[in-house]
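Novice: sequence and computational prediction follow.
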Protein chains: 2
Amino acid sequence: MKITDISVRVFTHSSREVKDSDGHTHPGDPHPVRQALLTITTDDASQGHCLAPTEVVRPFLIDRFVKVVLMGQDPFDREKLWQGLAHWQRGSGAMLTDRTLAIVDLALWDLAGRKLGVPVYKLIGAYRDKVPAYGSTMCGDELPGGLATPEDYHNYAKWLIERGYKAIKLHTWMKPVSWAPDPKMDVKACAAVRAAVGPDIPIMLDAYHGYSRSEALWLGQQLQKLEFAWYEEPMNEASISSYAWLAANLDIPVIGPETADGKHHTRAEWIKAGACDITRTGVHDVGGITPSLKIIHLAESFGMDCEIHGNGVGNLTLCAVQKNGRWYERGLLHPFINYDDVPEYLNARGDAMDADGFVHLSQAPGLGDDINFDYVNSHLV
Amino acid sequence: MKITDISVRVFTHSSREVKDSDGHTHPGDPHPVRQALLTITTDDASQGHCLAPTEVVRPFLIDRFVKVVLMGQDPFDREKLWQGLAHWQRGSGAMLTDRTLAIVDLALWDLAGRKLGVPVYKLIGAYRDKVPAYGSTMCGDELPGGLATPEDYHNYAKWLIERGYKAIKLHTWMKPVSWAPDPKMDVKACAAVRAAVGPDIPIMLDAYHGYSRSEALWLGQQLQKLEFAWYEEPMNEASISSYAWLAANLDIPVIGPETADGKHHTRAEWIKAGACDITRTGVHDVGGITPSLKIIHLAESFGMDCEIHGNGVGNLTLCAVQKNGRWYERGLLHPFINYDDVPEYLNARGDAMDADGFVHLSQAPGLGDDINFDYVNSHLV
């Protein structure tokens, strides 16, 4: 079995999400956007797919790197292929990123699952068939009735609990919100959510990522009083020492890293340095399922939980194969957007959630995205 | 898909291996021995198998622990089932050992591979299709022309190179050999092998496991002069501090642990403590493929190689899915025994080696043991 083709389809669909100047997502008016679908095909006509942002699978990335490593190879040689791409990153002048590795790796896993007729989480070896989700809000904004005030978070938290979420993570206000960041406003939003949901619902905070040590410590101390479940990335993650200092000075679990470069190697250094109480991986942060399994296993070896960052069927698959992690991150959520709506390019959401707050793993072969190929093919750019 | 039966067949075959009072294997006259075959069966008549020592799959272990955790469960829920057995170990009063977990885990992986029609190493995600083997000798003995003198090791090393091995590991003299252990005799055997094979063949030593710190340091210093590739378990592995001290005082890579209790958790502590330069796992040491993958991934996260301990298709599978390890351990070998002989209960060896010293992974579905079921069934106890 050999890989004979790697193709990228770019198609348009309607979106209500817009990005601010910091890269954060907010609600907006419906508008057409471009999305990509990477497809790996073999000589026996097996295929694996992965949806991707267009910039992550640009033609020159596929031609110059991905095809050179993958074409003619056995798609089941995932470790070899992933190591081949990872090895080339150094020489690529930073062009070949973990984001691209992730899409390729996810498509290879999807191909394996589809070829063998099993969901990928069963192929890896399942720990559970459903995962409790926390509702993860978009960042704060200045939209009236949106997430503009602590009261907005309070009201939205009540709705999230009604919807079935058993935990909530706030993303609070960041630039370019005119007055942000502001640790005191973060605390007001956190207190408003705690008041809305009562003492028994786990709440987490992911606030501004550029606070000073002093600001980060003060904010963490307030979260402790509010009995938050974890505290996420308040400082630049390039400084492991800052996080070791923060974790030593707080009782609330410090979780990380998320955006720090270096895949599983960076997580190992964080754990060794005591820079986190819970570690993290997300398929798009570290280059796919293959390296994320290394991180989950690294963490378990040290008796540490590894919570999964980000949504999507790749991350849901990770949640389903680990004992040392609790939640699936569902979102990003906002009062103006119905996350449960099915995008036009899917026949069904891969992370549909029941009324009890559980996301059930798809039993279809592959990673679990039920792609509407007719839609994709009729909306090609 | 549900597990509906877990059975153990005990059968007899002829063996030329005998155990001494320290548990080490030596050649002996042909004699009948008992061996077990664990079989897991599902409601769709899928089966997974694993050969095992009879004591590891005794009926009370299967009835009291394994069946309680596995019966009625999906055999693809390997992580859940492994964690379930591992959790029960604490309460089992040390009856449920990693050796039993390993056999069950291997049978579950074998079942998955057979059901899906792929070799297990492809299911996990392959890194390579063939693995270079080192010839791993039995422990020294007092058999004339066996492994009784440095000259015996010298002569046997020459034969191993002729056979195709590209590296050699000596197990030297231990109790109950009358005059053993003796670090100076270890060095003589090592020097004799180095003289036999020249400067370019990697050689490793696994000597007596109860040396003092001073003896272990002196022996390691001599191995450095002989340019050995690694140095294995010269002291009691329960003392991590001893190994951290030894590794700090030697340039030769110290490898471990092998027999220390605690699975991936112990490897994490060794790595964090600097107690090894290369770490290890073997399917029978830590409870199967599932925890061994955690250890391989832990080691890679720290930029460390993880060499695989022990022979057999489970360990060979690990070798085939890792970048951070070089060798398959083929043996144990002795001048009086032809390791290439196929045991009566197999149709072919799972670790057949070509003339260049490579062991090729079986392309048959499952773990790779080509079991002669007719032989097994006609030699039941």
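Specialist: Everything's here; your move.
Novice: and the stretch 1-150 of chain A, which residues reach chain B?
Specialist: Residues of the stretch 1-150 of chain A lying near chain B by Cβ under 8 Å from any Cβ of the partner chain: A:74, A:76-80, A:82-83, A:112, A:116-118, A:122-128. C-beta coordinates here come from the backbone N, C-alpha and C atoms, glycine included.
Novice: now do the stretch 201-350 of chain A
Specialist: A:264-265, A:267-268, A:272, A:290, A:293-295, A:297-298, A:300-303, A:321-323.
Novice: hmm, which of the residues you listed are the buried ones?
Specialist: A:264-265, A:267-268, A:272, A:290, A:293-295, A:297-298, A:300-302, A:321-323 (16 or more other Cβ atoms under 10 Å in any protein chain shown).
Novice: excluding residues flanking it in the chain, which one is nearest the residue positioned nearest the centre of chain A?
Specialist: Centroid-nearest residue in chain A: residue A:310, 1.6 Å away (criterion: Cα atoms, centre = their mean). In space, and not counting its chain neighbours, residue A:310 is closest to residue A:282: 4.1 Å by Cβ to Cβ, 6 or more residues apart in numbering or on different chains.
Novice: then residue A:372?
Specialist: Per Cβ to Cβ, 6+ apart, closest to residue A:372 is residue A:347, 5.0 Å.
Novice: same thing with residue A:362?
Specialist: In space, residue A:362 is closest to residue A:368, 3.6 Å off (Cβ to Cβ, 6+ apart).
Novice: three-state assignment of that neighbour?
Specialist: At residue A:368, secondary structure determined by DSSP: H, G, I helix; E, B strand; the rest coil is coil.
Novice: quick one, what contacts it?
Specialist: A:119, A:120, A:313, A:316, A:317, A:350, A:361, A:362 (Cβ atoms under 8 Å, 6 or more residues apart in numbering or on different chains).
Novice: can you do 10 Å?
Specialist: Going by Cβ atoms under 10 Å, 6 or more residues apart in numbering or on different chains, residue A:368 touches A:110, A:113, A:119-121, A:312-314, A:316-317, A:320, A:348-351, A:360-362.
Novice: surely residue A:136 touches residue A:331?
Specialist: Yes: taking Cβ atoms under 10 Å as the definition, residue A:136 is a contact partner of residue A:331 at 3.5 Å.
Novice: more neighbours: which of the two?
Specialist: With neighbours defined as other Cβ atoms under 10 Å in any protein chain shown, residue A:136 and residue A:331 compare such that residue A:136 has more, 25 against 22.
Novice: A strand includes that one, no?
Specialist: Yes: according to three-state DSSP, residue A:136 belongs to a strand.
Novice: and it, bridged to which residues?
Specialist: Counting by DSSP bridges, residue A:136 is bridged to residue A:169, residue A:331.
Novice: give me the pLDDT value at it.
Specialist: At residue A:136, the model reports a pLDDT of 98.
Novice: equivalent analysis for residue A:312, please.
Specialist: So, for residue A:312, pLDDT stands at 98.
Novice: do residue A:218 as well
Specialist: Residue A:218 is given a pLDDT of 98.
Novice: give the buried residues for the one helix or strand it maps to.
Specialist: Element membership for residue A:218 (DSSP states H and E) is helix A:213-225. For helix A:213-225, a neighbour-count test (16+ other Cβ under 10 Å) marks A:213, A:215, A:216, A:217, A:218, A:219, A:220, A:222, A:223 as buried.
Novice: just stretch A:63-73 next, same as before
Specialist: Buried residues in stretch A:63-73 (16+ other Cβ under 10 Å): A:65, A:66, A:69, A:70, A:73.
Novice: phi and psi next, for the closest residue to the last one other than its chain neighbours.
Specialist: With sequence-adjacent residues excluded and distances taken as Cβ to Cβ, 6+ apart, residue A:73 is closest to residue A:3, at 5.4 Å. According to degrees, to the nearest 10, the main-chain angles of residue A:3 amount to phi -80, psi 120.
Novice: report the contact partners of residue A:3.
Specialist: By Cβ under 10 Å, 6+ apart, the neighbours of residue A:3 are A:40-43, A:46, A:48, A:67, A:69-75, A:77, A:81, A:108, A:111.
Novice: now the angle from the helix ranked longest in chain A to helix B:98-116?
Specialist: Assignment by DSSP state H gives helix A:98-116 as the longest helix of chain A. Going by axes from the mean of the first three to the mean of the last three Cα atoms, to 10 degrees, helix A:98-116 is angled at 70 degrees with respect to helix B:98-116.
Novice: pretty sure the residue nearest to residue A:310 contacts residue A:315?
Specialist: Yes: assessed by Cβ under 10 Å, residue A:282 is found in contact with residue A:315 at 5.8 Å.
Novice: please enumerate the shared neighbours of those two.
Specialist: With Cβ under 10 Å, 6+ apart as the test, residue A:282 and residue A:315 both reach A:292, A:308, A:309, A:329.
Novice: want to throw these into CSV with pLDDT?
Specialist: Output for those, formatted as CSV (pLDDT from 0 to 100):
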residue, pLDDT
A:292, 98
A:308, 98
A:309, 98
A:329, 98
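Novice: of these - the most surrounded one?
Specialist: So for those (other Cβ under 10 Å), the most neighbours sit at residue A:292, 31 neighbours.
Novice: find the nearest non-adjacent residue to that residue, please.
Specialist: Residue A:292 sits nearest to residue A:281 (Cβ to Cβ, 6+ apart), 4.3 Å away.
Novice: for the residue in the stretch 101-250 of chain A that chain B sits nearest to, grab phi and psi.
Specialist: Here the stretch 101-250 of chain A gets closest to chain B at one residue, residue A:125, 3.4 Å apart by Cβ to the nearest Cβ. Backbone geometry at residue A:125, expressed as degrees, to the nearest 10, gives phi 120, psi 110.
Novice: please report how far the residue lying closest to it once chain neighbours are set aside lies from residue B:321.
Specialist: Among residues not flanking residue A:125 along the chain, residue B:78 sits closest, at 3.4 Å (Cβ to Cβ, 6+ apart). Per Cβ to Cβ, to the nearest Å, residue B:78 is found 15 Å from residue B:321.
Novice: tell me where the stretch 101-250 of chain A has helices.
Specialist: A:120-124, A:150-163, A:183-197, A:213-225, A:240-249 (DSSP state H, counting those that start in this stretch).
Novice: just those helices: most buried one?
Specialist: Across the helices of the stretch 101-250 of chain A, averaging neighbours per residue (mean count of other Cβ atoms under 10 Å in any protein chain shown) puts helix A:120-124 on top, at a mean of 27.
Novice: let me see the mean pLDDT of it.
Specialist: 98.
Novice: list the contacts for the residue nearest to residue A:292?
Specialist: A:257-258, A:263-264, A:267, A:287-289, A:291-296, A:298-299, A:306-310, A:315, A:318, A:322, A:325.
Novice: distance of the residue lying closest to residue A:105 once chain neighbours are set aside from residue A:294?
Specialist: Distance criterion Cβ to Cβ, 6+ apart; nearest residue to residue A:105, sequence neighbours excluded, is residue A:288 at 2.7 Å. Separation of residue A:288 from residue A:294 (Cβ to Cβ): 10 Å.
Novice: what is in contact with those two at once?
Specialist: Counting by Cβ under 10 Å, 6+ apart, the residues touching both residue A:288 and residue A:294 are A:263, A:281.
Novice: angle of the helix or strand encompassing residue A:290 against helix B:289-301?
Specialist: Element membership for residue A:290 (DSSP H and E) is helix A:289-301. Here the directions of helix A:289-301 and helix B:289-301 differ by 100 degrees (the same axes, to 10 degrees).
Novice: list the neighbouring strands of whichever helix or strand comes after helix A:289-301 plus their orientation.
Specialist: Next helix or strand after helix A:289-301 toward the C-terminus (DSSP H and E): strand A:306-308. Sheet pairing for strand A:306-308, assigned by DSSP bridges, gives strand A:279-281 (parallel).
Novice: what's the model's confidence in the partner strand, averaged?
Specialist: Averaging pLDDT along strand A:279-281 yields 98.
Novice: now swap in stretch A:45-57 and tell me
Specialist: Across stretch A:45-57, pLDDT averages out at 98.
Novice: I am finished for the moment; much appreciated.
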